[in-house]
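S.K.: I need the structure of the sequence given here:
(chains A and B, ligands or ions: 3)
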Amino acid sequence: MFNETVLKEIDGIKAQYPERRSALLPSLYIAQREFGWLSDEAMQHVAKTLNLPEAEVRGAASFYSMFRHKPAGRHVIQLCTNVSCMILGAEKLVDFIAGKYGVQPNSTSPDGRFSLVIMECIGACGTAPAMLVNTDFYDSLSENRIEEILGKYK
Amino acid sequence: MENILLKNIDNANSADINEYVKTGGYSAMSKALGMQPKDIIDEIKKSGLRGRGGAGFPTGMKWSFAVADTKFPKYLICNADEGEPGTFKDRPILEKNPHLLIEGMSISGYALGSEYGYVYLRGEYPHAKDVLNRAISEAYEKNYLGDNILGKGIKFHLAVYQGAGAYICGEETALIESIEGKKGQPRNKPPFPVNVGAWSMPTIVNNVETLSNVPYIVAAGGDAYSKIGSRDCPGPKLFSVSGCVEKPGVYELPMGTSLRDIIYKHAGGIRNGKKLKAVIPGGISTPVLPADGIDCAMDFVSMSRAGSLLGSGAVIVMDESVCMVKVAYRAMKFFEHESCGKCVPCREGTDWLRKILERIENGKGKEGDIELLLDVAGIITGKTFCPLGDGAAGVVTGMLRHFRKEFEEHIKQGKCTLQ
Ligand SMILES: Cc1cc2nc3c(=O)[nH]c(=O)nc-3n(C[C@H](O)[C@H](O)[C@H](O)COP(=O)(O)O)c2cc1C
Ligand code: SF4
Ligand code: FES
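M.R.: Ligands and ions are numbered 1, 2, ... in the order given. Coordinates of the predicted model:
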């Protein structure tokens, strides 16, 4: 179950909205932060904490692409391949990352270091191609720059 | 034109409340709190401001509908979902000028009789979330938000709600479902959110850029504002320019600036001495224009006359080396992925369109595929629950209107002749 600090955090979120159900997405984020991904157990905790049917929690959790339903690597690379990034070479970067770090799109590398997620536009089209590593933004990407950046994530 | 929305963003501390106040920030709010709410709405109407989220609905009119509804509480939601691919215009406001948005929302809340505001922020903007939360606490500390704003007994509270990576949640009724803690699937309209919105109460949803115009309109007056840019859709407009240009970026220009000037005068023209081939003028959901179609004014009215849409003002520039089949295919993968699945023409139609485009792209296109694409697009158009489906169909028909030959060549030769 969630610890006291987390329960307090969720209470604080509930207080910002007229109905407790609004705390569902924030709580799923918190569960993902605490457990690393949304396991059945994590979703049950959320359902209990918010007093919502488990089916509702699962429904919402599966609808939104930022919630993970399997364990992720230590670092999550979210690389955009939408049109502005694509025309500046994002697809080659996918191949580069796959080759160099052994991580295919939408999976995790065997050493557990990286997960690679293909994104739909992350609002950095003016400095494309772009990616997020965990919550850090990087843009104007090239193979060299990616190597340099990912080197910092052990 | 002096910057109104991106004022001061070159200053490294522009997000700090003291910097904002130093350059005149929150003075519009003092003025607004001395006015009657009705008079503020009149100024917004006079200004001619139209929503910057894509549809261009007159803001003053939307506000009047909300005020006419006598149910309370009313909610004010800022749409900061910014999901339309090619769009990155709200981000500089959120990350570098957050107090402009907070001031705009606080004034709007007073005008609308709303005491609770939310910023629905896309999940992919973690930095904006931190900046905004810090700015909100600063505004509470200085009494620009809270239960007794500037000691005038006026109440307005503001919180950030973080989305979780669903493009459809940019659509206002899906956004409302999402903030209520549900799957983000659009609702039937009517009733409109101004009458039955979040938690079944009157709810005003406006884009970040729309709300950020409010302080200037209050300070300078609606008449002065209405003289900027195009006559029937005035004001400054943020254009996000990306793709094959020398100087991509966000440009604040008068509404109605020509697409040619945006590309050549402001964004420095085409990179590497190449030739312009095509432009998507308003984000990926808007129909493509060919190189000779860029002599049009970028505003809501002129762009629909030019055969496309202003959308979010996201200009994606493509040079002669870019394959249109590939662009159409990538765009359709996006729509298929983001279709919320609520209605059949969109859910099945985007899947079909993607499959056909995929085989053409992979050199496996068949004779009759172009007719099939147009047929499926025709089945989607006008028959979907929300505009996402129409957008997807319009992308295909727009591409085939201007670049049909390229699709035919792809099918005939079984490969791309550009790469
Ligand atoms: C599929 C879809 C996605 C949308 N995405 C956004 C968005 O990311 N940001 C936004 O402000 N409006 C978006 N809109 C428009 C909103 O539904 C709504 O019209 C807008 O937020 C109203 O604000 P405005 O009047 O200030 O433009 C979207 C609409 C549709 C149909
Ligand atoms: S048009 Fe598409 S996104 Fe809109 S409601 Fe229908 S299925 Fe959902
Ligand atoms: S298209 Fe890649 S960040 Fe927008």
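
S.K.: what about the longest helix seen in chain B, near ligand 1?
M.R.: Secondary structure of chain B per DSSP state H: the longest helix is helix B:387-413. Yes - Helix B:387-413 comes into contact with ligand 1 (Cβ under 6 Å from any ligand atom), by way of B:Pro387, B:Leu388. For glycine as for every other residue, the C-beta is placed from the backbone atoms N, C-alpha and C.

S.K.: Is there proximity between that helix and ligand 2?
M.R.: Yes - using Cβ under 6 Å from any ligand atom, helix B:387-413 comes into contact with ligand 2 via B:Leu388, B:Gly389.

S.K.: residues of that helix that come out buried?
M.R.: Along helix B:387-413, these residues count as buried under the neighbour rule (16 or more other Cβ atoms under 10 Å in any protein chain shown): B:388-396, B:398-400, B:402-403, B:406-411.

S.K.: ok, now stretch A:19-35?
M.R.: So stretch A:19-35, judged by 16+ other Cβ under 10 Å, has buried residues A:20-32, A:35.

S.K.: Out of the residues you listed, which are close to ligand 2?
M.R.: Among the buried residues of stretch A:19-35, proximity to ligand 2 is found for none (Cβ under 6 Å from any ligand atom).

S.K.: which among those residues gets closest to B:Gly54?
M.R.: The closest of those to B:Gly54 turns out to be A:Leu25 (Cβ to Cβ; 23.2 Å).

S.K.: tell me the secondary structure for that closest one?
M.R.: Judged by DSSP: H, G, I helix; E, B strand; the rest coil, the three-state class of A:Leu25 is helix.

S.K.: Just give the closest residue to it, not the sequence neighbours.
M.R.: Closest residue in space to A:Leu25, ignoring its immediate chain neighbours: B:Ala164 at 5.6 Å, by Cβ to Cβ, 6 or more residues apart in numbering or on different chains.

S.K.: hmm, back to that, any chance of a markdown table for the buried residues of stretch A:19-35, columns distance to A:Val83?
M.R.: Below are the buried residues of stretch A:19-35 laid out as a markdown table (distance: Cβ to Cβ, whole Å):
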| residue | distance to A:Val83 |
| --- | --- |
| A:Arg20 | 40 |
| A:Arg21 | 36 |
| A:Ser22 | 34 |
| A:Ala23 | 35 |
| A:Leu24 | 32 |
| A:Leu25 | 28 |
| A:Pro26 | 31 |
| A:Ser27 | 34 |
| A:Leu28 | 30 |
| A:Tyr29 | 28 |
| A:Ile30 | 34 |
| A:Ala31 | 34 |
| A:Gln32 | 29 |
| A:Phe35 | 35 |
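
S.K.: B:Val250 against B:Phe239, yeah?
M.R.: Yes - counting by Cβ atoms under 8 Å, B:Val250 touches B:Phe239, with 7.0 Å between them.

S.K.: more crowded one of these two?
M.R.: B:Phe239 (26 against 22; other Cβ atoms under 10 Å in any protein chain shown).

S.K.: May I have the host helix or strand of that one as CSV, with CA atoms only?
M.R.: In the assignment (DSSP states H and E), B:Phe239 maps to strand B:236-243. Listed next in CSV are the C-alpha coordinates belonging to strand B:236-243 (Å, rounded to 0.1, in the frame of the first residue of the first chain):
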residue,chain,number,x,y,z
PRO,B,236,-0.9,39.3,-32.5
LYS,B,237,-0.5,35.7,-33.5
LEU,B,238,2.2,33.2,-32.5
PHE,B,239,3.5,31.1,-35.4
SER,B,240,5.5,28.0,-34.8
VAL,B,241,7.7,27.5,-37.8
SER,B,242,9.5,24.1,-38.3
GLY,B,243,10.9,21.9,-41.0
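
S.K.: What strands line up against that strand, and which way round?
M.R.: As defined by DSSP bridges, the strand partners of strand B:236-243 come to strand B:249-254 (antiparallel), strand B:314-319 (parallel).

S.K.: Mean neighbour count, those: which tops it?
M.R.: strand B:314-319 (a mean of 27; mean count of other Cβ atoms under 10 Å in any protein chain shown).

S.K.: got the CA coordinates for that one in CSV?
M.R.: Coordinates of each C-alpha in strand B:314-319 appear next as CSV, following Å, rounded to 0.1, in the frame of the first residue of the first chain:
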residue,chain,number,x,y,z
ALA,B,314,2.1,25.7,-37.0
VAL,B,315,3.9,26.1,-40.2
ILE,B,316,5.7,23.0,-41.4
VAL,B,317,7.9,23.7,-44.3
MET,B,318,9.0,21.0,-46.7
ASP,B,319,11.7,21.2,-49.4
